[in-house]
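In: The following block contains a protein sequence and its predicted model.
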Amino acid sequence: MAGRLVDGAVRSDSHFVVDHGDGYLCSSRVIACVEGKRLDFTWQFPDEPPSRVAFELDESDGMSVLRLRHSELGDFADSYRVGWCAHLAYLEAASLGTPLPPSMFWPIHRTMAQLSRL
């Protein structure tokens, strides 16, 4: 994926930093963490206003359901939509036992962006 944990830890009441390539750092603070159920955290790049990300996992009819919400984005909402779709494609591939190579993130992102404009 296009991100690597470079500082901190993703756990309750903690701070973490992810490098999204070329030193472009996203700083986050965990707001809520319930293992296997929920993860909420702040999200801030140096050139963007702070926003919030929430992942929720539920089970329904023997299947896992993932809900992703990225809020407080303002004018950035459209630019994040394609990125999260690419990240979710990586998550799906990894969960099926066939992880995608990190070098494919931006080609997948570009393809999804082109498809979203059709």
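Out: Cool, got the structure.
In: All the helices of this structure, residue numbers only.
Out: Here the chain has its helices, by DSSP state H, at 77-95, 105-116.
In: residues in contact with the nearest residue to residue 93 once chain neighbours are set aside?
Out: Leaving aside its sequence neighbours, residue 93 sits nearest to residue 100 (C-beta to C-beta, 6 or more residues apart in numbering; 4.8 Å). Any C-beta I mention is one placed from the backbone N, CA and C, and that applies to glycine too. By C-beta atoms under 8 Å, 6 or more residues apart in numbering, residue 100 lies in contact with 89, 90, 93, 94, 108.
In: right, and the pair among those residues with maximum separation?
Out: 94 and 108 (13.5 Å; C-beta to C-beta).
In: domains for the protein, by residue range?
Out: The chain is divided into the following domains under automatic domain parsing: 1-72, 76-118.
In: and the ones you listed as TSV, adding mean pLDDT?
Out: What follows is these, written out as TSV (pLDDT from 0 to 100):
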stretch	mean pLDDT
domain 1-72	93
domain 76-118	91
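In: Please identify the buried residues of stretch 98-111?
Out: Within stretch 98-111, the residues scored as buried using 16 or more other C-beta atoms under 10 Å are 100, 104, 105, 108, 109.
In: between those residues, which is nearest residue 29?
Out: Proximity of the buried residues of stretch 98-111 to residue 29 (C-beta to C-beta) peaks at residue 105, which lies at 24.7 Å.
In: Correct me if wrong: the closest one contacts residue 93.
Out: No. Residue 105 is beyond contact range of residue 93, at 11.4 Å (criterion: C-beta atoms under 8 Å).
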